[in-house]
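Q: Curious how this folds, go ahead:
(chains A, B, C, D, E, F, G and H)
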There are 8 protein chains.
Amino acid sequence: MEITVYLSGEIHTNWRDDIIKKSKKLKLPIDFIYPITNHELSDDVGVKILGREDNKFWHDHKSAKINSIRTKNAIERADIVIVRFGDKYKQWNAAFDAGYAIGLSKSLIVLHNDEHQHALKEIDASASAVAKTVDEVVKILQYSSTKKI
Amino acid sequence: MEITVYLSGEIHTNWRDDIIKKSKKLKLPIDFIYPITNHELSDDVGVKILGREDNKFWHDHKSAKINSIRTKNAIERADIVIVRFGDKYKQWNAAFDAGYAIGLSKSLIVLHNDEHQHALKEIDASASAVAKTVDEVVKILQYSSTKKI
Amino acid sequence: MEITVYLSGEIHTNWRDDIIKKSKKLKLPIDFIYPITNHELSDDVGVKILGREDNKFWHDHKSAKINSIRTKNAIERADIVIVRFGDKYKQWNAAFDAGYAIGLSKSLIVLHNDEHQHALKEIDASASAVAKTVDEVVKILQYSSTKKI
Amino acid sequence: MEITVYLSGEIHTNWRDDIIKKSKKLKLPIDFIYPITNHELSDDVGVKILGREDNKFWHDHKSAKINSIRTKNAIERADIVIVRFGDKYKQWNAAFDAGYAIGLSKSLIVLHNDEHQHALKEIDASASAVAKTVDEVVKILQYSSTKKI
Amino acid sequence: MEITVYLSGEIHTNWRDDIIKKSKKLKLPIDFIYPITNHELSDDVGVKILGREDNKFWHDHKSAKINSIRTKNAIERADIVIVRFGDKYKQWNAAFDAGYAIGLSKSLIVLHNDEHQHALKEIDASASAVAKTVDEVVKILQYSSTKKI
Amino acid sequence: MEITVYLSGEIHTNWRDDIIKKSKKLKLPIDFIYPITNHELSDDVGVKILGREDNKFWHDHKSAKINSIRTKNAIERADIVIVRFGDKYKQWNAAFDAGYAIGLSKSLIVLHNDEHQHALKEIDASASAVAKTVDEVVKILQYSSTKKI
Amino acid sequence: MEITVYLSGEIHTNWRDDIIKKSKKLKLPIDFIYPITNHELSDDVGVKILGREDNKFWHDHKSAKINSIRTKNAIERADIVIVRFGDKYKQWNAAFDAGYAIGLSKSLIVLHNDEHQHALKEIDASASAVAKTVDEVVKILQYSSTKKI
Amino acid sequence: MEITVYLSGEIHTNWRDDIIKKSKKLKLPIDFIYPITNHELSDDVGVKILGREDNKFWHDHKSAKINSIRTKNAIERADIVIVRFGDKYKQWNAAFDAGYAIGLSKSLIVLHNDEHQHALKEIDASASAVAKTVDEVVKILQYSSTKKI
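A: Prediction:
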């Protein structure tokens, strides 16, 4: 069964590449899509394309609005949304993506370390799986798409 | 126009009571609903009702699942979802609620201080208003329900 | 928060009355709806109203179709669907109701004994709570509607 | 007309292979998808991938959650859902799948022997066809996709 | 359980009044809504309100459009749509209402004599009940709303 | 723009072939789908596959149910539904298809002679075009898919 | 039949009051809702509540976002949306409301003079009625809610 | 990520060709669809295909209805709807398309000069980006589909 997977969340480690490489090696019939992971570009894209803003709020607003075009459409066409919570930053956008995915009745897989377990309990509770490692995620994708592990 | 408002997010300050009191004083035609704000009870409700768990993950899971009954139904029947981000904790459930609300096409108002502005830019970008004080929120509710401020 | 609850499943014990009585005693703001629980009438209603059938399949078909009018509309207007699995019969209609409720994104509470745990794992996995006793269910309803237990 | 068919239910006989082989022989333009039919793997996949559980409930819960990823997405993309009820086990997950399919307005075909007729009357009543043999099912698929039998 | 019922179809006999009177006598908790049954007015309402048309097509078009305001909203808010096919006229609007109701997943009851059985088989096949008399319909409504007959 | 068109209604003249041939000659990027047009087979398919019925009602019911599998899925995937009303029979299933299509917000084109104009006014009023000839329909399809006539 | 009507568009004449008064005089069972019609307040509400902006674009943006809370929720709960196009200004928001209403499958009534007929043809084409005077609108509301004129 | 883009609005300048050419040069994985841009043909298509009308209203009505087939289906299948407001005409159909797109939860990009800023504030407020030049639009499409600019 071909599956479309959206990889949301942390952009400062290479967990996306890891999942994609390992899935390719296993020849999984999966189409991966993901947001802009170039942090600087994604922060400044609004003013770079549409002109500078003096006010930081509107600077960020224009970028966030443009980024939403890709994110919204990607989540809508995904069968499974995987959200990775890392160690840095507030990552409220990751949690927001998870909520949006559940609002659209998508299957959700959450990827995080034990230390965030309590803080993520509401999101974990709406997930189909809570994984701690990339390998666990890849096995779930393998199983869901090929019925084997 | 009668409006149903769900008050999501921070549970350690009295911002909800503030909004409700000030709205009542203005006789706004608004029905407020909100989640369980007793932190301890909401953390332990699962094991209190359904029996203890040795594993912290399942302890939290059972509570989060039961809490979701109220939260999910409240967001679904709300016309406006107001999400308050405070200074403490990760507050990923607040961001998750915001995402869920947008997934269901609800009007969203975000309430937070300047310091969280950059971290909340994606959520702010899908909001109908970003407020810094309870008074601003009450004025928006007054205006939306009675057409005056 | 006023809640509409549909009580699906087993019709040979008085678990529905139990839940309703205990909820009334607690003055919970809950509107309970439930299917026809008169077994004989619900089996024969089709031929009683619309005329006899020689073939058992059509005899049952006419009744099941008429019963679906109430069941379908009740699940659609419910905020929470509670499904009780008892000890007798196949109870496939109870499982069917649970699936229908999840298809419509309703909050689901499952009520059953330990012995059925393995056979009900898929249904339990989509539920917000899995209870063993009527008292547990009532506490969840109390908590969800009044924020106390 | 190309059709996507999901084959749900009994996993202890080879009815799925039968339908698929006979459909291939007739060159029907049908894409078949089905759940994991390796009983042991599907029971244990949760702990195999995500780590062991002492409690049987959570052991089953983790597997059921992971299995739901495939099942949910398969039913959502199916045009027709075929549910087979066999002679063994409770098969509540089959009835749950049927309910979920109807909740999503899918065309449903039920496959079972006469002995289960009364117990399955509610599910049969929401089906487009109630078949007793694999050959009947294949003819319905042939007719629906090629307009001939 | 309070139910909203839309009475569609034939406007030249008093079947609507019959159903409503008998339901009132039984004190059924049912809110009946129905289309404009004044044939002449419903044919000419368009030109009466919005000005005359030389072309019969547009004369009818304007009326049909205005009548659709009531019909569309009535079907949308109905829990059960009852469609009566009588002996006269083409009654394509009755069949159209039935299709619209099924497109919106409403419960459908069809009321007609034996002579139209073959011609109505597709509509009957998507109905929850096919009745021949007003009394049968009233009993189904009584049973669905009060669980007794 | 590639378009999927469902051809519903009259099965006793060759209007479908006409539209398809003329569209092919114009190389229109259109995928046509249509119901079973073999009248006898479509009347008897139920008993032919699933076994005979003594009662004409159930004889018809089984066929209508099986035919609905193709019809329902075809309308759901169509961008445009074309419904042809001819001179014979009641054709309530054609009107039912039109209603179902509008319930799903499809674009509707109705094809009929002047004599049925008044009886079809409600259906015409929800159509994007009311045509009298196959050539008019083909021009509308040409225009909608290629922007030329 | 009780009806909720949203009155969108022109805010510089008293057409809303006219419709409401005349409907009240006729005791029509209609609940009217409408946007903020205080032009200056609706233009400046954003900066009045949430703080001044140097840039006119963001000044307008904040107001438009806040106004959308009322507008969006009003259209969503309306059964009928009436849009009045007057003689002044671009009135793109009126046309936007009409498009939003049709996107949500609401019944639409358009009210405008002959001079705008050609420019409004797309909007008129998706309307249930195109009226030139307030009296025509009131008659349509009377007819739709009470079945008389 | 492949994206489908609908180009709505002004038909008297070559902004569509510009966007398409520049996107092709960048090899963006985008499928562009757009309405009939032959003004005369789109005004007269109704009477050309379906026969002349004496009344200008119905002349326009027939064309607008036929044009809606393409427009409605194009917006429904688009991921992003771009609406260009030019200097001439009322352009209410452009604003209507924007409203329809938002009613269907599409991502919206608005393209217009500064002079229309105030009049378009409500539409801009529901857009993901407000651009002034074709080059800005192309960069947003490049960024959204390829993650680079």
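
Q: ok, the lengthiest strand in chain A: who's next to it in the sheet?
A: The strand spanning the most residues in chain A, taking DSSP state E as the definition, is strand A:3-9. Partners of strand A:3-9 in the sheet, by DSSP bridges, are strand A:30-33 (parallel), strand A:80-84 (parallel).

Q: Buried residues in it, which are they?
A: By neighbour count, with 16 or more other CB atoms under 10 Å in any protein chain shown as the criterion, the buried positions of strand A:3-9 are A:3, A:5, A:6, A:7, A:8, A:9. Every C-beta, even on glycine, is put in place using the N, C-alpha and C of the backbone.

Q: out of those residues, who's nearest residue G:129?
A: Within the buried residues of strand A:3-9, proximity to residue G:129 (CB to CB) peaks at residue A:6, which comes in at 44.1 Å.

Q: what's the closest one in contact with, if anything?
A: By CB atoms under 8 Å, 6 or more residues apart in numbering or on different chains, residue A:6 lies in contact with A:32, A:33, A:34, A:74, A:75, A:78, A:80, A:81, A:82, A:101.

Q: What about the residue lying closest to it once chain neighbours are set aside, how many residues nearby?
A: In this structure, residue A:6 finds its nearest non-sequential neighbour in residue A:78, 3.8 Å apart by CB to CB, 6 or more residues apart in numbering or on different chains. For residue A:78, the tally of surrounding residues (other CB atoms under 10 Å in any protein chain shown) stands at 23.

Q: residue contacts, residue A:147?
A: Taking CB under 8 Å, 6+ apart as the definition of contact, the neighbours of residue A:147 are D:36, D:37, D:38, D:70.

Q: Can the helix or strand harbouring residue A:136 be said to contact chain B?
A: Residue A:136 is part of helix A:134-146, with elements assigned from DSSP states H and E. No: figure legend: helix A:134-146 not in contact with chain B (CB under 8 Å from any CB of the partner chain); closest approach 14.4 Å.

Q: still on that earlier bit, Serialize the strands paired with strand A:3-9 to CSV and add fields for mean pLDDT and distance to residue B:19.
A: Converted to CSV, the strands paired with strand A:3-9 look like this (pLDDT from 0 to 100; distance: least, CB to CB, whole Å):
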stretch, mean pLDDT, distance to residue B:19
strand A:30-33, 98, 39
strand A:80-84, 98, 30
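
Q: Correct me if wrong, but residue A:108 is in a strand.
A: Yes: using DSSP: H, G, I helix; E, B strand; the rest coil, the assignment for residue A:108 is a strand.

Q: Please work out how many residues are found near the residue in chain A positioned nearest to chain E.
A: Shortest chain A-to-chain E distance, computed as CB to the nearest CB: residue-wise this is residue A:105, at 16.9 Å. Under the neighbour criterion other CB under 10 Å, residue A:105 is assigned a count of 14.

Q: if we can go back for a sec, put the buried members of the contacts of residue A:147 into a PyMOL selection.
A: Taking 16+ other CB under 10 Å as the burial criterion, the selection of buried members of those in PyMOL is written as:
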select buried, chain D and resi 36+70
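
Q: Averaged pLDDT, stretch A:58-70. What do you get?
A: Along stretch A:58-70, the predicted local confidence has a mean pLDDT of 98.

Q: Contacts made by it with the rest, please.
A: Around stretch A:58-70, the neighbours that count as contacts under CB under 8 Å, 6+ apart are A:35-36, A:42-47, A:49-50, A:52-53, B:117-118, B:121-122, B:124-126, G:55, G:58, H:1, H:80, H:107, H:109, H:127-129, H:140, H:143-144, H:147.

Q: Which residues of chain A lie near chain H?
A: Looking at chain H, the residues of chain A close enough under CB under 8 Å from any CB are A:33, A:36-38, A:41, A:45, A:48-50, A:62, A:65-66, A:68-70, A:72-74.

Q: now with 6 Å?
A: Within chain A, the positions lying close to chain H (CB under 6 Å from any CB of the partner chain) are A:33, A:36, A:45, A:49, A:50, A:65, A:66, A:68, A:69, A:70, A:73.

Q: Return the subset of the residues you listed lying in strands.
A: Within the residues of chain A next to chain H, membership in strands is found for residue A:33, as judged by DSSP E.

Q: out of everything not next to it in sequence, what's closest to the residue of chain A most remote from its centre?
A: If you look at how far each residue of chain A sits from its centre, by CA atoms, centre = their mean, the farthest one is residue A:54, at 30.5 Å. Among residues not flanking residue A:54 along the chain, residue G:54 sits closest, at 7.4 Å (CB to CB, 6+ apart).

Q: tell me the pLDDT at the one you found?
A: 95.

Q: What segments of chain A are helices?
A: Taking DSSP state H, the helices of chain A run over residues A:15-25, A:39-50, A:56-77, A:92-103, A:121-125, A:134-146.

Q: Including distance to residue F:15, could those helices go into TSV?
A: Written out in TSV, the entries for the helices of chain A read as follows (distance: least, CB to CB, whole Å):
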stretch	distance to residue F:15
helix A:15-25	50
helix A:39-50	52
helix A:56-77	37
helix A:92-103	45
helix A:121-125	56
helix A:134-146	44
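
Q: Could you tell me the per-residue confidence at the residue of chain A closest to chain E?
A: At residue A:105, the pLDDT value in this model is 98.

Q: I'd like to know how far it sits from residue C:103.
A: From residue A:105 across to residue C:103, the span is 10 Å (CB to CB, to the nearest Å).

Q: Please apply the same query to residue A:80.
A: To residue C:103, residue A:80 is 19 Å away according to CB to CB.
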